[in-house]
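# heads up, no residue letters with this:
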């Protein structure tokens, strides 16, 4: 029997048969079949197995048999849970994914296996079933957290085997058939919970292909270039996707906008599924690589396994809380999903539900943020803001008497007045340090006094915003004890996009970097009025908004309050030329005599900007660190603390996560643990800031981006 993998180049009828031309790796093949699949088209990639080779005088033809299996686009990986969802319809899973619904694989098999191995003391029903099996039978059970079939484009989580025979629980025959396809078996076994026995279930070639057909039809939306409104017509009122399909079908005028974003959503999903396939098959992320480590310690906490892994080489950038794949060292092949729960310079701790014998590699997973959930609400909920953006109506000015909220800055006061009196959208522009947060706080204080609800969303530096708005965030709503009047979220918080539409009166959106149209519109659905705070309007979508709303709802802050004229003069070339300076603030050193003479120039209060060159060498490729630079920085901070500078007035900014971890370790060893060490996106506003560039060659530094330099220096 043979298998062919390639791209369909031609399909034609030849009597009762169909001939499919496939461009494979080593040439063009002809496959003859009686049962041509209705979804098969030119330019589609596929795999056909169990073909009979028939040699002719001039050409060779491959004949499809009853046992032949066809998988469409096997590089697009679908899970057993997704394929199970195809019982609703081909787009059910995609629609529910579009609205932020997560489909998680149950973990019966894991609980069962842990009980067999005595890993967990549990009284669960599943564990009780496991104990019914005799000891000699229990030894033959095997569990795999993740099983992949590259050939058929299927992945399954929480899989049990009895020897080589795949096992499932009763009423889970779909997973059983899929596992039989993946493991090249013609049967699977069901666990009988009452009797504590295994019952074999034969699987026919027809059953296998029927499930593969369901998988193939679910892949089709990923391959489509144009999504049609007819695809979303649904009459099943009990279906969870019905209300979404109903809205899409009934509102034809909105479909063009919806189709645009739905297509881009499917493109991203298809890309993520291809990346997942490469992660699981190649043991590395195609763009971000992987991190090889040595296992240091393993402990079990309730239902979780905590792996402490020692960093051997250079560290890719992993964020705390990031989902990863944890892989065993070769020749072991098991993989499991996990989460980064702690990072130091030397170690990383990963939490997982699954036990691995010798974990030795961490691979990052793509983060999924359900932006489309709010986007759907924006498109299909009627709002004045949507009508203005779509050109159905124009913004109208609102006449109001200007009040005095801020006395020493006319632009800030104008901004507060515009915010409080806008009908729909207001844009406040200003460089860092011009008082955007201060202006926002004054406006929010007035809004919450009238029982208004405010959602604050920021693209970075959530800690700083939380500290700044602390008194407002903790204030409960007058009419509701649970929900505070002001809520702060970061733009990569999943639950931000899953909030119900119009949950707030105002959205205060702080944008430090470019924001795409989808993300902005998704957030617009959560509120009645939108206030955007941006450093510049060079981002395409913000320029579009600025044009739509013109000068009616826009103000620019021009006075620099964060630092004085010396620093402003130094960084003016990368800031707006319109900025007005404020006088420099005098810095006093309380105990100058305590400072080591070598560091007198470093702590000199007459200097506002200092460059210090260290004869050190940066190490690493992508995520660099510089030991000599870190040693000097820590020693300088020691001297500043000795001189009387409060620790909470100090900060170190570095764009390299590895350097950040090294500095944290050195400061802890020096018994100065509470110094702020941040990357540019996390940076706070402190009186004295050390900027650790790590590399002398700025082109090789993570700080090469103009925006990172601007953040660090302001």
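Cool, the structure landed. All values reported here derive from a predicted model rather than from experimental measurement.
# Tell me how many other residues surround residue 678.
Other residues near residue 678 number 21, with proximity taken as other Cβ atoms under 10 Å. Quick note: C-beta positions are derived from backbone N, CA and C, even for glycine.
# how far away is it from residue 367?
For residue 678, the distance to residue 367 (Cβ to Cβ, to the nearest Å) stands at 20 Å.
# ok, for residue 244, nearest residue in space, not its chain neighbours?
Excluding the flanking residues, the one nearest residue 244 by Cβ to Cβ, 6 or more residues apart in numbering is residue 95, at 5.3 Å.
# elements contacting the helix or strand the one you found falls within?
Secondary-structure assignment from DSSP states H and E places residue 95 in helix 92-98. Using 3 or more Cβ pairs under 8 Å, 6 or more residues apart in numbering; DSSP states H and E, the elements in contact with helix 92-98 are helix 80-85, helix 205-223, helix 242-250, helix 255-282, helix 371-380.
# could you redo the last one with a cut-off of 6 Å?
Secondary-structure packing of helix 92-98 (3 or more Cβ pairs under 6 Å, 6 or more residues apart in numbering; DSSP states H and E): helix 80-85.
# For burial, what's the neighbour tally of the spatially closest residue to residue 203 that is not a sequence neighbour?
Using Cβ to Cβ, 6+ apart and skipping the chain neighbours, the partner closest in space to residue 203 is residue 180 (4.5 Å). Number of residues near residue 180 (other Cβ under 10 Å) recorded here: 22.
# helices or strands next to the one helix or strand residue 180 maps to in the packing?
Assigned by DSSP H and E, residue 180 belongs to helix 173-182. Packing contacts for helix 173-182, counted by 3+ Cβ pairs under 6 Å, 6+ apart, involve helix 80-85, strand 165-169, strand 187-192, helix 205-223.
# Just the angle for the longest one relative to helix 255-282, thanks.
Okay, so that is helix 205-223. 120 degrees (axes from the mean of the first three to the mean of the last three Cα atoms, to 10 degrees).
# Which residues does the next helix or strand after the helix holding residue 95 contact?
On the C-terminal side of helix 92-98, the nearest following helix or strand under DSSP H and E is helix 108-117. Contact partners of helix 108-117, identified using Cβ atoms under 6 Å, 6 or more residues apart in numbering, comprise 120, 124, 126, 127, 130, 138, 141, 143, 158, 160, 169.
# Tally up the residues packed near the closest residue to the fifth one other than its chain neighbours, please.
Just to be clear, that refers to residue 130. Nearest residue to residue 130 in three dimensions, chain neighbours excluded: residue 115, at 4.0 Å (Cβ to Cβ, 6+ apart). Other residues lying near residue 115 total 22 when counted by other Cβ under 10 Å.
# likewise residue 394?
Neighbour tally, residue 394, other Cβ under 10 Å: 11.
# Mind telling me what element the nearest residue in space to residue 673 that is not next to it in sequence is part of?
The shortest distance from residue 673 to any non-neighbouring residue, by Cβ to Cβ, 6+ apart, is to residue 667 (6.1 Å). Per DSSP H and E: residue 667 is located in helix 657-669.
# mind checking how far that helix is from the chain centre?
Computed by Cα atoms, centre = their mean, to the nearest Å, the chain-centroid distance of helix 657-669 equals 26 Å.
# Compute the mean per-residue pLDDT across the helix or strand following it, please.
Using DSSP H and E, the next helix or strand after helix 657-669 towards the C-terminus is strand 676-678. Regarding strand 676-678, the rounded mean pLDDT is 84.
# same thing with stretch 640-654?
So the average pLDDT for stretch 640-654 ends up being 83.
# Quick check: end-to-end length of that stretch?
End-to-end distance for stretch 640-654, by Cα to Cα, to the nearest Å: 19 Å.
# just to revisit the earlier point, which among the contacts of helix 108-117 count as buried?
Buried members of the contacts of helix 108-117, scored by 16 or more other Cβ atoms under 10 Å, are 126, 127, 130, 138, 141, 143, 158, 160, 169.
# Most widely separated two among these?
The distance between the two most remote of the buried ones among the contacts of helix 108-117 (Cβ to Cβ) is 17.9 Å, for 138 and 158.
# Point out where the stretch 401-550 of the chain drops to low pLDDT.
Low-confidence segments of the stretch 401-550 of the chain (pLDDT under 70): 460-464, 474-484, 513-514, 536-539, 550.
# Strands of the stretch 601-714 of the chain, start to end?
Along the stretch 601-714 of the chain, the segments classed as strands by DSSP state E, counting those that start in this stretch run 650-654, 676-678, 688-692.
# now those strands in TSV, with distance to residue 358?
Below are those laid out as TSV (distance: least, Cβ to Cβ, whole Å):
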stretch	distance to residue 358
strand 650-654	33
strand 676-678	33
strand 688-692	36
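# Highest mean neighbour count out of those?
Compared across the strands of the stretch 601-714 of the chain, strand 650-654 shows the largest average neighbour count, a mean of 24 (mean count of other Cβ atoms under 10 Å).
# what's next to that strand, contact-wise?
Under Cβ under 6 Å, 6+ apart, the answer for strand 650-654 is 660, 663, 675-678, 683-684, 686, 688-692, 712.
# Given that strand, what are its sheet partners and their directions?
strand 676-678 (parallel), strand 688-692 (parallel) (DSSP bridges).
# What's the end-to-end length of stretch 12-28?
End to end - Cα to Cα - stretch 12-28 spans 15 Å.
# in it, what counts as buried?
Of the residues in stretch 12-28, 18, 20, 21, 22 count as buried by neighbour count, 16+ other Cβ under 10 Å.
# Mind telling me the two of the contacts of strand 650-654 farthest from one another?
By the measure Cβ to Cβ, 660 and 688 form the most distant pair in these, at 17.7 Å.
# re the thing from before, sitting in strands, which of the contacts of helix 108-117 do you find?
Judged by DSSP state E, these include 141, 143, 158, 160, 169 as members of strands.
# how about a markdown table for those residues, with distance to residue 640 and pLDDT added?
What follows is the ones in strands among the contacts of helix 108-117, written out as a markdown table (distance: Cβ to Cβ, whole Å; pLDDT from 0 to 100):
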| residue | distance to residue 640 | pLDDT |
| --- | --- | --- |
| 141 | 61 | 92 |
| 143 | 55 | 94 |
| 158 | 54 | 94 |
| 160 | 60 | 95 |
| 169 | 63 | 91 |
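# In CSV: those, plus distance to residue 29.
Below are the ones in strands among the contacts of helix 108-117 laid out as CSV (distance: Cβ to Cβ, whole Å):
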residue, distance to residue 29
141, 41
143, 39
158, 37
160, 37
169, 41
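# which one of the residues you listed sits closest to residue 271?
Closest to residue 271 out of those is residue 158 (25.5 Å), distances taken as Cβ to Cβ.
# mind checking the longest strand of this structure?
Secondary structure assigned by DSSP E gives strand 2-14 as the longest strand of the chain.
# That one: how far from the chain's middle?
38 Å.
# Could I get the average pLDDT for stretch 101-108?
80.
# And it, end to end?
21 Å.
# How many neighbouring residues does residue 412 have?
A total of 26 residues lie near residue 412 under the criterion other Cβ under 10 Å.
# residues in contact with it?
By Cβ under 6 Å, 6+ apart, the contact list for residue 412 reads 406, 435, 439.
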